[in-house]
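# Need coordinates for the below:
(chains A and B)
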Amino acid sequence: MTAEAALREAIHVDNGRNLFKVSRRNFTDPEILAAEREQIFDRCWLYLGHTSELAKPGDFVTRVVAGRPILFTRDKAGELHAMFNTCPHRGATVCRERHGNANAFQCFYHGWTFGQDGGLRGQPGKESYDENFNADGGGDMVHVPRFEVYRDFAFVCFDPKAVPLVEYLAGGAEYLDLVADQSEAGMTIVGGTQDYSIRANWKLLTENSIDGYHAATTHATYLDYLKGTAGALAKVGLNGVGRDLGNGHAVVEYSAPWGRPVAQWIPAWGEDGKREVEGIHARLVERFGENKADRLAFRNRNLLIFPNLIINDVMAITVRTFYPTEPDLMQVCAWAIAPADESEWARKYRLFNFLEFLGPGGFATPDDVEALEHCQRGFQNVKEARWNDISKGMGLAEPSFDDEIQIRAFWSKWNDQMLAGPGA
Amino acid sequence: MTTLNEIGRPEVEDFLFYEAELLDEWRLDEWLTLFTEDANYYVPSTDVAPDASADNNLFYIADDRYRLEARVARLNKRMAHSEYPRSKTRHLVSNVRIREREADSLFVTAAFITYRSKDDVTDAFVGSHRYRLVLTDNGLKIREKRCVLDLSGLKPQGRISIIL
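Predicted structure coming up:
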C-alpha cells in the first residue's frame, strides 16, 4: 500500500453506528511518521517554552523542537529570540548548555561569536573576509520563521505562511487563560525538568494525556492510595465533561477529590493550609467573580493544544511536550508551572502533589508508560488486527470526561492535516 | 552496645549490600524497616543541583516516610502494572565512602548501577547514592537516601517504577 493509500484509510468514521476507528498503521508506519514531519510538525504552532524561563536579560535555554535544536534567548532590551542552534559558518551547535545566562555565544569550533539576538559579533581572522561579508545577515544565526507568545506561553512555527498563533489556538486560548489567570504576578516554570523517553508512538501520549476513561483500571493503585487518605481529601467525586475546542485542541474539565493549591483545600493540609487556600480563593473571587473563581479553583483541566502540548491543571500543573524520534519512540519533556508569587507553603505542597501522581517516579505515570509501551507491542499485530476504537460517548449531547470526544477531536484534525495540500 | 564511632566502612558496606539484596529480592516490607520514622527518599531531576531542595524544585521522586510506605504498599499490589509482572533488578553498590561524621549521623556516598529487566528490555540506572545514616537500638537506619542520577534524563529508561 502506498503512503497515500494508507492515509486514506487512516481513520474510519461511521456516524450511523456511532463508530470511530483509527488505523494502527498510524502508530507503526515509518512513512506515516515521515508524512507527519512534513504535514504536522513543519506546519503547526509548537510549544517552545515559557517566558518565565528567561526571566532576566541574557537568560537562555536550549531545547529540541520537532527535531530542531533551538536556542531561546532574552536580549539586553528584554526582547525574546528563537533561533536555530547551529553556527552559520560550519554548522556546530553554538550553545551546548541546557540553560544559563550569557552576554554572547561563541561557537567553539572556529570561534565565531554571536550576540544575544544571534547577530554575528566576531570572527577570528576577520580580515580574511570581505568587508561586506555580513551585509545580508548571512553570517547571523538563523531565526525560526515564526515566533509568537500567548499569555507567556511561547510558540514557534516553521511554516512562514501559518495563521497567527491566537487564531491557531482557537478555543484552546481560553484554557491557556485559565492557567495564566491563576496569578497576578504571572506563572513561572519551577526549576527541574522531567526528561524521559517512552518506547511508544507519540500520539499514544497525546491520547493518554486527555483520556479520562483509563483512570479506574490503569490507575487503580493511585485511586487506592487516594482512598487510603480518604478522610484527608475533599468530598467531591470525579465528574465532568469532554470538549472539542476546534483545530484539534481538546480538553476534559472535571471535579476531583485531590487538593489543588489554586484552590481546593483538603483536610490533609490542616488549618494553616485552609487559611492559605481560602485566601487564594477569596482573591480569585475579587478578580473574576464567583463563577470563574470556582471554575479556576475547583475544576481540573487536561488540555491538549494540537498536536503535542499538554497542560494538565490537576493536583498541580504540568506542561508537557513530546516528539517522535521513531514510530515507536518518543522523547518527553515535562515541567511544573506555578504562580510566581505563591507562598513557600503552597509551592511545597504543589510539588509534593505533583510527584504523587505525575512523572516517571509518580504513582500513576509509570503505569501510563507501561500501557503505552504495551499498546505499541500490541500494534505488531497491525497486519491482521488493524483498528483502534475511540467511539465512547459518540452521539451523546454532553459527552462525559471519561468519554472519547476529545480524542476524536485530535484524530479528526490529524487526518485533515495529513491530507492537506500545499499551503493549506 | 556499638557506638557510631565504631561504625566503619565495612559495617556501612554490609548494611548497603543488605539493602540491595532486599530490593533485588523484592522484600520491600523488610526494606522499609531500614528507614527511620522521619525518613526521606529523593531522586532529583537531572538538571538541578545534586543537593537541590524538593520544596522548590521539580524532582522525579520526593517521598517522606508516609509516601515511602505508600510506594511500597503500591508496589506490593498486582495492579501496580508497571511492576507486575515484576521486573528483575540488580542493585550494584560500589565506591562506598564515609564522607562526614556528625554527632548522631554519618554522611555516606556510594556509586550505583541498577539494572532493570522486563519484557526483553534491560535498562541501567547509573548514579550516586547519598545516605544520611543514624545508629539506633536496632542498628543502622537510613534517615535520608538521595539518588543522584548520572544521566541527562531518563532516556531510554522512561520511568523509575522500581526503587533505586
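
# what's the longest helix in chain B?
Across chain B, the longest stretch assigned as helix under DSSP state H is helix B:9-24.

# Just the buried residues of that helix, please?
By 16 or more other C-beta atoms under 10 Å in any protein chain shown, the buried positions in helix B:9-24 come out as B:Glu11, B:Val12, B:Phe15, B:Leu16, B:Glu19, B:Ala20, B:Leu22, B:Leu23, B:Asp24. Every residue, glycine included, has its C-beta placed from N, CA and C.

# now it, how far from the centre of its chain.
Mean C-alpha position of helix B:9-24 versus that of the full chain (C-alpha atoms, centre = their mean, to the nearest Å) differs by 11 Å.

# tell me which strands and helices that helix is in contact with?
The contact analysis (3 or more C-beta pairs under 8 Å, 6 or more residues apart in numbering or on different chains; DSSP states H and E) places helix B:9-24 against helix B:28-32, strand B:88-101, strand B:105-118, strand B:121-136, strand B:139-149.

# possible to save these as TSV with distance to chain A, mean neighbour count and mean pLDDT?
TSV is the format used below for these (distance: least, C-beta to the nearest C-beta, whole Å; neighbours: other C-beta atoms under 10 Å in any protein chain shown; pLDDT from 0 to 100):
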stretch	distance to chain A	mean neighbour count	mean pLDDT
helix B:28-32	14	16	98
strand B:88-101	14	14	98
strand B:105-118	9	18	98
strand B:121-136	8	17	97
strand B:139-149	10	20	97
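
# Redo the ones you listed as JSON lines? Include distance to A:Gly171.
Shown next, in JSON lines, are the helices and strands packed on helix B:9-24 (distance: least, C-beta to C-beta, whole Å):
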{"stretch": "helix B:28-32", "distance to A:Gly171": "46"}
{"stretch": "strand B:88-101", "distance to A:Gly171": "46"}
{"stretch": "strand B:105-118", "distance to A:Gly171": "41"}
{"stretch": "strand B:121-136", "distance to A:Gly171": "40"}
{"stretch": "strand B:139-149", "distance to A:Gly171": "40"}
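
# what sits against the closest residue to B:Phe17 other than its chain neighbours?
Residue nearest to B:Phe17 in three dimensions, not counting chain neighbours: B:Val93, with 6.3 Å by C-beta to C-beta, 6 or more residues apart in numbering or on different chains. By C-beta atoms under 8 Å, 6 or more residues apart in numbering or on different chains, the residues touching B:Val93 are B:Glu13, B:Leu16, B:Phe17, B:Glu19, B:Ala20, B:Ala110, B:Ala111, B:Phe112, B:His129.

# Return the set of residues that bridge with B:Val93.
Note on B:Val93: beta-bridge partners by DSSP bridges are B:Phe112.

# ok, so what distance separates it from B:Thr2?
To B:Thr2, B:Val93 is 22 Å away according to C-beta to C-beta, to the nearest Å.

# Quick check: buried residues in the longest helix seen in chain A?
Across chain A, the longest stretch assigned as helix under DSSP H is helix A:270-298. Buried positions in helix A:270-298, judged by neighbour count with 16+ other C-beta under 10 Å: A:Gly273, A:Glu276, A:Val277, A:Ile280, A:His281, A:Leu284, A:Val285, A:Ala293, A:Asp294, A:Leu296, A:Ala297.

# how distant is it from the center of its chain?
26 Å.

# In terms of secondary structure, what does that helix contact?
Applying 3+ C-beta pairs under 8 Å, 6+ apart, we find helix A:270-298 packed against helix A:344-357.

# Between helix A:270-298 and the helix it packs on, find me the angle.
On the basis of axes from the mean of the first three to the mean of the last three C-alpha atoms, to 10 degrees, helix A:344-357 is oriented at 70 degrees to helix A:270-298.

# Show me the contact partners of helix A:344-357.
Applying C-beta under 8 Å, 6+ apart, the set of residues contacting helix A:344-357 is A:190, A:222, A:225, A:258-259, A:261, A:269, A:272-273, A:276, A:280, A:314-316, A:318, A:336, A:338-339, A:342, A:361-365, B:54-62, B:67.

# average pLDDT across the following helix or strand past that helix?
Using DSSP states H and E, the helix or strand that follows helix A:344-357 in sequence is helix A:365-378. The pLDDT scores in helix A:365-378 average 97.

# buried residues in helix A:365-378?
For helix A:365-378, the neighbour count (16+ other C-beta under 10 Å) marks A:Thr365, A:Pro366, A:Asp367, A:Asp368, A:Val369, A:Glu370, A:Ala371, A:Leu372, A:Glu373, A:Cys375, A:Gln376 as buried.

# was I right about the fifth one contacting A:Ile198?
Yes - the pair A:Val369 and A:Ile198 passes the contact test of C-beta atoms under 8 Å, sitting 5.4 Å apart.

# any common contacting residues for those two?
Common contact partners of A:Val369 and A:Ile198 (C-beta under 8 Å, 6+ apart): B:Gly158.

# State the distance from A:Met83 to A:Ala334.
Going from A:Met83 to A:Ala334 by C-beta to C-beta gives 24 Å.

# what's the answer for A:Asp368, then?
In this structure, A:Asp368 and A:Ala334 are 12 Å apart, going by C-beta to C-beta.

# cool, and A:Glu207?
For A:Glu207, the distance to A:Ala334 (C-beta to C-beta) stands at 17 Å.
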